[in-house]
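Student: I'll drop the sequence and a predicted model, then ask my questions.
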Amino acid sequence: MAEKDKAPKSSFWKNVKSEFLKITWPDREAMVKQTTMVVFISLVLGIVIAVLDFFLQMGVDFITTLNI
């Protein structure tokens, strides 16, 4: 029963090819802008995480050095 429900493999690859032909790629200018933004946001986010990590580590160190 399961064998009858499957589409032929040639039909699958034809569908893959037809879907692949529908892909629209961005032009070079759009790609450069998007790549630049991804790199910039990644750097900013990395700096924010590093600063938060530094201050959280300072807080943990301060709390663990208290003599209570």
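Tutor: Happy to help now that I have it.

Student: what are the phi and psi values for the spatially most central residue of the chain?
Tutor: The residue lying closest to the centre of the chain (CA atoms, centre = their mean) is residue 38, at 9.8 Å. Residue 38 adopts backbone torsions of phi -60, psi -40, taken as degrees, to the nearest 10.

Student: go on, residue 22?
Tutor: Dihedral angles (degrees, to the nearest 10) for residue 22: phi -80, psi -10.

Student: Next one: it from residue 15, what distance?
Tutor: 11 Å (CB to CB, to the nearest Å). All C-beta spots, glycine's among them, are computed from the backbone N, C-alpha and C.

Student: When the two are compared, which one has more neighbours?
Tutor: residue 15 (11 against 6; other CB atoms under 10 Å).

Student: And what about that one, helix, strand or coil?
Tutor: helix (DSSP: H, G, I helix; E, B strand; the rest coil).

Student: Repeat that for residue 55.
Tutor: Quick answer, by three-state DSSP: residue 55 is helix.

Student: count of neighbours near it?
Tutor: When neighbours are counted by other CB under 10 Å, residue 55 registers 10.

Student: Show the model's pLDDT score for it.
Tutor: With respect to pLDDT, residue 55 scores 97.

Student: where's it relative to residue 15, distance?
Tutor: Taking CB to CB, one finds residue 55 at 53 Å from residue 15.

Student: Now do the phi/psi pair for residue 66.
Tutor: Here is the backbone geometry of residue 66 (degrees, to the nearest 10): phi -70, psi 140.

Student: same deal with residue 61?
Tutor: phi -60, psi -40.

Student: number of nearby residues for it?
Tutor: Number of residues near residue 61 (other CB under 10 Å) recorded here: 9.

Student: What score does residue 10 have for pLDDT?
Tutor: 75.

Student: Could you tell me how many residues sit around it?
Tutor: Neighbours of residue 10 (other CB under 10 Å): 8.

Student: Okay then, goodbye and thanks.
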